[in-house]
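In: Sequence first, then the predicted structure:
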Amino acid sequence: MGVVRPPHPPKRVPLIGDIIGLDAVKPMQNTARILGEIGPIYQRRILGMRLTFVGGADIAAEVNNDATWQKAVPRPLQLLRPIAEDGLFTAYNDEPNWHKAHAILAPAFSQASMRSYHQTMADVVDEMCRAWDDASGNFDVADEMTKFALETIGRCGFGYRFDSFTRADVDPFLPALKDSLGYIQAQGVPVPGRKIIDALTGRTGQHQRNVEYMFQVVDDVIADRQAHPHDEPRDLLDLMLTTKDPETGEQLDARNVRNQILTFLVAGHETTASALSFALYLLATHPDEAAKARAEVDALWPADDVVRFEDVAKLRTVRRAIDETMRLWPTSPGYFREAKRNTVIDGQYPIKQGQWLMVVLQQVHRDPAVWGADADQFRPDRFQSEEVRARPGHGYKPFGTGLRACIGRQFAYHEMILALATILHRYNFTVDPDYTLEVAEQMTLKPSGFRLTVTRRERKDASAPSPAQ
Ligand code: MNH
């Protein structure tokens, strides 16, 4: 008897395999569509390589089980290793620096630690709003959110100001980061002759210069901090330079600190920026939901514009809007898992030890078995506690799963709730009625070409909040 294999897409080509229907521009949305058509699991075979995709909540639950499965670091993640090496996100499970850095950094990402980042985050929101006011309130949402998230992680992470909202030109770090991520991403798409073309057109050389430049900037920041340490730890960099791993008693070495800083810059900015962009898109196109969130914000701050640290946890409606946004548009579109030993999934497909697959969140998050017939609708009340309790937990994993889940989760929530609440509090939205959602794929999914016009809300009487919209 042959091995039972998951279904494959139609039009398999002899020897070469399932190359028809590949989509180099929107690979994840294409994969989600195929999962929607042929079932909760499928396998694409290309030149003898087998890529397996999972899109059903039940199968996702099986591969999320840490007893049998673990994070995989296949080629798409390996491509980032020349930049981030054994930093938290790209480390192999057995690399000692993962355990060390995880132990050292976990406290810095706890809910309680958000207190120390709060004011910096609020300052960046303020700068962004002022820039909008000066520029008549019309902007490309993804561009603005990208600046915001990068500025936030730069300052909270290692005291570095890109000054995205205040300087007229652009910090050279930004194009270097953007270009190098674009270059890395392109390496993942198999194009014959790319190496030669990239070398001849100077792209490879440019990439190397970009990476060298980023290393230099980050190394300078580290050296400067080592030379002028703060009395008390103020940011992630201080913690990385001063905390000892409780198990080994060792500190992170300077090279690993650089790897972590670049990791936070890469893992911590586009994901958050894209999630905020989708949230603004969904709220602006669902005025009833925006009104609910505004009412909550207005009730908390009838008088002034200041978001206190303690307020953030109280903004349950804003939080639900964000959770529902990440359900429909998980900006990290998926994650990789590998079998720790031979196993079977879906009761029928044998999986060999070491074999990896991808969990496609966009599909898991819309599995009708978990989310019902209206799974495609934006309905933040799904995240009311009664509904959450009535539902299995495995249908929602925007921050990944298990030991290697996102360490920046609380940071991202704090930042997103604070930003969204402030924006809702200060502005009304006007959207271009002709815009239809276009989702671009880089490392993340993000709305492309979405512009928003914001106008300051009039707060006539501080004790009587004006009606929303
Ligand atoms: Mn984040 C891992 C999603 C914000 C730093 N992040 C992951 C994973 C997902 C993810 C999914 C798991 C990847 C995998 O299994 O291979 N992260 C997000 C989303 C947001 C986000 C959707 C915002 C919204 N992440 C952030 C922020 C930071 C950060 C902000 C840092 C400040 N994330 C990380 C790091 C890891 C990670 C570091 C790797 C953790 C580990 O493996 O130990």
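Out: That came through, no problem.

In: Can you name the residue of this protein nearest to the ligand?
Out: G408 (2.2 Å; C-beta to the nearest ligand atom). C-beta coordinates here come from the backbone N, C-alpha and C atoms, glycine included.

In: ok, that residue touching V266?
Out: No. In this structure, G408 is not within contact of V266 by C-beta atoms under 8 Å, at 11.3 Å.

In: related to what we said a few turns ago, which residues are in contact with the residue of the chain closest to the ligand?
Out: Contact partners of G408, counting by C-beta atoms under 8 Å, 6 or more residues apart in numbering, are 109, 264, 267-268.

In: Make sure F336 is indeed in a strand.
Out: Yes. Assessed by DSSP: H, G, I helix; E, B strand; the rest coil, F336 belongs to a strand.

In: Just list whatever residues bridge to it.
Out: M358 (DSSP bridges).

In: Out of the contacts of G408, which sit inside helices?
Out: 264, 267-268 (DSSP state H).

In: so what's the residue nearest the centre of the chain closest to, chain neighbours aside?
Out: By C-alpha atoms, centre = their mean, the chain has its centre lying nearest to T271, at 2.3 Å. Nearest non-adjacent residue to T271, counting by C-beta to C-beta, 6 or more residues apart in numbering: T331, 5.0 Å away.

In: does the one you found count as helix, strand or coil?
Out: coil.

In: Would you report the backbone torsion angles of it?
Out: phi -70, psi -30 (degrees, to the nearest 10).

In: which residues touch it?
Out: Contacts of T331 by C-beta under 8 Å, 6+ apart are 270-272, 274-275, 278, 398, 444-446.

In: For the one helix or strand the residue nearest to the centre of the chain maps to, give the mean pLDDT please.
Out: Using DSSP states H and E, T271 falls within helix 254-284. Computed over helix 254-284, the mean pLDDT rounds to 96.

In: Which other helices and strands does the next helix or strand after that helix contact?
Out: Sequence order places helix 287-300 as the next helix or strand after helix 254-284, per DSSP H and E. Contacts defined by 3 or more C-beta pairs under 8 Å, 6 or more residues apart in numbering; DSSP states H and E place helix 287-300 against helix 254-284, helix 316-328, helix 409-426.

In: what about helix 287-300, distance to the chain center?
Out: 25 Å (C-alpha atoms, centre = their mean, to the nearest Å).

In: If you count neighbours, what's buried in that helix?
Out: 289-290, 292-294, 296-298, 300 (16 or more other C-beta atoms under 10 Å).

In: Touching it from outside, list them.
Out: Contacts of helix 287-300 (C-beta under 8 Å, 6+ apart): 282-284, 311, 314-318, 321, 378, 380, 420-421, 424-425, 429, 465-466, 468-469.

In: Report how many residues lie close to A369.
Out: 12 (other C-beta atoms under 10 Å).

In: correct me, but it touches A60?
Out: No. Judged on C-beta under 8 Å, A369 makes no contact with A60 at a distance of 11.3 Å.

In: what is the rounded mean pLDDT of the host helix or strand of H207?
Out: If you go by DSSP H and E, H207 is part of helix 203-227. Confidence for helix 203-227, expressed as mean pLDDT, is 96.

In: Can you mark which positions in it are buried?
Out: Buried residues in helix 203-227 (16+ other C-beta under 10 Å): 203-204, 207, 210-211, 213-214, 217-218, 221-222, 225.

In: And stretch 185-195, by the same measure?
Out: Here stretch 185-195 shows Q187 as buried, counting by 16+ other C-beta under 10 Å.

In: and if you look at stretch 232-248?
Out: Neighbour-count burial for stretch 232-248 [16+ other C-beta under 10 Å]: 233-241, 243, 245.

In: how about these in a markdown table, adding secondary structure and distance to P40?
Out: Formatted as a markdown table, the buried residues of stretch 232-248 follow (DSSP: H, G, I helix; E, B strand; the rest coil; distance: C-beta to C-beta, whole Å):
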| residue | secondary structure | distance to P40 |
| --- | --- | --- |
| P233 | coil | 46 |
| R234 | coil | 47 |
| D235 | coil | 43 |
| L236 | helix | 38 |
| L237 | helix | 43 |
| D238 | helix | 46 |
| L239 | helix | 41 |
| M240 | helix | 41 |
| L241 | helix | 46 |
| T243 | coil | 43 |
| D245 | coil | 40 |
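
In: list the contacts for V25?
Out: E441.

In: Next, give phi and psi for it.
Out: phi -90, psi -40.

In: Next: the one 4 residues further on.
Out: When quoted as degrees, to the nearest 10, the phi and psi of Q29 stand at phi -70, psi -30.

In: Same check on D376?
Out: Dihedral angles (degrees, to the nearest 10) for D376: phi -80, psi -10.

In: Surely it is in contact with R366?
Out: Yes. Between D376 and R366 a contact is recorded at 6.3 Å, counting by C-beta under 8 Å.

In: Give the residues shared as contacts by these two.
Out: In contact with both D376 and R366: L328, using C-beta under 8 Å, 6+ apart.

In: Compare these two (neighbour count), which wins?
Out: Each of D376 and R366 has its neighbours counted (other C-beta under 10 Å); R366 has more, 19 against 10.

In: Need the nearest residue in space to that one, chain neighbours excluded.
Out: A375 (4.3 Å).

In: ok, now V63?
Out: R337 (4.5 Å).

In: check contacts around that neighbour.
Out: 63-64, 69-72, 356-359.

In: try 10 Å this time
Out: For R337, the contact set (C-beta atoms under 10 Å, 6 or more residues apart in numbering) comprises 52, 54, 60, 62-66, 68-72, 351, 355-359, 400-402, 404.

In: where in this structure is pLDDT low?
Out: For the chain, residues meeting the criterion pLDDT under 70 lie at 1-2, 303-304, 459-469.

In: Dump the contacts of T331 to a markdown table, plus distance to the ligand.
Out: Below are those laid out as a markdown table (distance: C-beta to the nearest ligand atom, whole Å):
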| residue | distance to the ligand |
| --- | --- |
| E270 | 9 |
| T271 | 3 |
| T272 | 4 |
| S274 | 8 |
| A275 | 4 |
| F278 | 10 |
| P398 | 5 |
| T444 | 8 |
| L445 | 10 |
| K446 | 11 |
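
In: can you pull the contacts of the nearest residue to N138 once chain neighbours are set aside?
Out: Excluding the flanking residues, the one nearest N138 by C-beta to C-beta, 6+ apart is T453, at 4.7 Å. Neighbouring residues of T453 by C-beta under 10 Å, 6+ apart: 132, 136-139, 284, 427-432.

In: secondary structure class for T453?
Out: Under three-state DSSP, T453 falls in the strand class.

In: beta partners for it?
Out: Beta bridges link T453 to N138, T430, judged by DSSP bridges.

In: and the stretch 251-400 of the chain, which residues reach the ligand?
Out: 263-264, 267-268, 271-272, 275, 331-332, 335-336, 398-400 (C-beta under 6 Å from any ligand atom).

In: If you rank the residues you listed by neighbours, which is first?
Out: Going by other C-beta under 10 Å, A275 tops those with 28 neighbours.

In: who's in contact with the spatially closest residue to W371 that is not a sequence neighbour?
Out: Distances taken as C-beta to C-beta, 6+ apart place G395 nearest to W371, at 6.6 Å, with adjacent residues excluded. Contacts for G395 (C-beta under 10 Å, 6+ apart) come out as 56-58, 60-61, 327, 364-367, 369-371, 375.
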